[in-house]
Each structure stands twice: as structure tokens, then as C-alpha cells.
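Novice: take this sequence and fold it.
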Amino acid sequence: MSSYPPEFRLRVLREVLEEKTPAAEVARIFGVSESAIAKWLRAFRHGGEPALTPRQTGPRRAAPSVEDARRALVVRAKQDSPALGTRRIADVLRRFEGLGVSETTVRRILHEEGLLESRPPEVEKPPRPETRFELLRGSLVDGRLIRLIDGPRSGWCGARHHTGGHHRGWRGDA
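Specialist: As a prediction, this is how the structure comes out:
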């Protein structure tokens, strides 16, 4: 839905009011709906030209006092318990203060107030233990060749083809 400028709305209304052109014809000529013209007429009769200015569309922001109260509660919760993370602060405010605030909003407020580091400190991880493979008959080992020692069909076999005794890609020792 497009928003028409006040000058355009006034021009349409002048055509209807001063020139006495039927609203249906004006709607067809200007490419607007009859209901829009009727709405503009009501607004014009009630408030004059200033009433023709389109209202602001889009999501409504919370009133400043609500936003300030929300910000104060989030900041106070973090200052009272610095160890709490954003998820826990949102949970505490929801459960004990009756304030439904998302974790994302808590993070934004704490970041704006300088109470949240941009990234959590890097935790040093212990070294990974060495990975060892034992090549056993019937095991599947990341594409390496394994020697099948026992059994009637001894020889080399691609491990990726060796699954549970089925030997695709078999090459005998001959």
C-alpha cells in the first residue's frame, strides 16, 4: 500500500469538492480507490489540510518511559550480578520482574551501556589426545588399504570398500 503525499490528496479532494466530479470518476482518473477518497474526505472535514498528512507506518517503538524502565532493570540486574549472562538476565527479569524482554534486547542494552564485552574471552582448550587406529579384519578405516590376513580370501582390500565381509574392489594376491 503506497502513501500519497498531502498535495496529491488535496488535489483529489478539490476535484471532488470544488469541481463536483463524482468520486468514482476521480478515483479512476487519479488511480486511487473510492474508499481512500472517502477516508480523505472524512479526515479533511474533521481536521482540515493538516489531517491529510499520512501517518507514520511501520513498527511502533515502545514509549520512552517503558524503554527507560526496561533499560534500567537490565542494567541493574547486570550490575547486581556481573556473572549473569544475557540469557539468564532475560529469564530472571521475565520470572521475577514480570518483564518480557528477549535475550537479544538484553544483549543490545548491555552492549550500548558498555557492560558487555563484544566477545566472550577465549577459553583455552586442552590438547586433543592422539588418535590411533588399529587395523582389524572387518573394520572400516578412512580409505586406507588394509591387509586381510586370515580367512579364505587373504589379500589387499580398499578399506572404504570393505564392509562386513563383502569385498568390492577386491584384488587377490595370486
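Novice: and the helices in the protein, which stretches?
Specialist: 6-17, 23-30, 34-47, 64-80, 86-92, 103-112 (DSSP state H).
Novice: minimum distance to Lys125: which of those helices has it?
Specialist: Lys125 sits nearest to helix 86-92 of all these, at 22.4 Å, using Cβ to Cβ. In this view, the C-beta of every residue, glycine as well, is placed from N, C-alpha and C.
Novice: before we move on, the earlier item: dump the helices of the chain into JSON lines; add mean neighbour count as well.
Specialist: Putting the helices of the chain into JSON lines (neighbours: other Cβ atoms under 10 Å) gives the following:
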{"stretch": "helix 6-17", "mean neighbour count": "16"}
{"stretch": "helix 23-30", "mean neighbour count": "14"}
{"stretch": "helix 34-47", "mean neighbour count": "14"}
{"stretch": "helix 64-80", "mean neighbour count": "14"}
{"stretch": "helix 86-92", "mean neighbour count": "18"}
{"stretch": "helix 103-112", "mean neighbour count": "16"}
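Novice: Glu130: which of these is closest?
Specialist: helix 86-92 (36.3 Å).
Novice: and the closest one, what does it pack onto?
Specialist: helix 64-80, helix 103-112 (3 or more Cβ pairs under 8 Å, 6 or more residues apart in numbering; DSSP states H and E).
Novice: now those helices as a markdown table including mean pLDDT and distance to Val123?
Specialist: Shown next, in a markdown table, are these (pLDDT from 0 to 100; distance: least, Cβ to Cβ, whole Å):
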| stretch | mean pLDDT | distance to Val123 |
| --- | --- | --- |
| helix 64-80 | 88 | 21 |
| helix 103-112 | 92 | 19 |
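Novice: now the ones you listed as TSV including distance to Glu49?
Specialist: As requested, the helices and strands packed on helix 86-92 are arranged in TSV below (distance: least, Cβ to Cβ, whole Å):
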stretch	distance to Glu49
helix 64-80	30
helix 103-112	40
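Novice: export the helices of the chain as TSV, with columns for distance to Arg55.
Specialist: Shown next, in TSV, are the helices of the chain (distance: least, Cβ to Cβ, whole Å):
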stretch	distance to Arg55
helix 6-17	12
helix 23-30	21
helix 34-47	10
helix 64-80	19
helix 86-92	32
helix 103-112	26
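Novice: so which of the helices and strands packed on helix 86-92 is nearest Leu10?
Specialist: helix 64-80 (33.2 Å).
Novice: quick check: angle from the closest one to helix 103-112?
Specialist: 80 degrees (axes from the mean of the first three to the mean of the last three Cα atoms, to 10 degrees).
Novice: if we can go back for a sec, out of the helices and strands packed on helix 86-92, which is closest to Leu93?
Specialist: helix 64-80 (5.9 Å).
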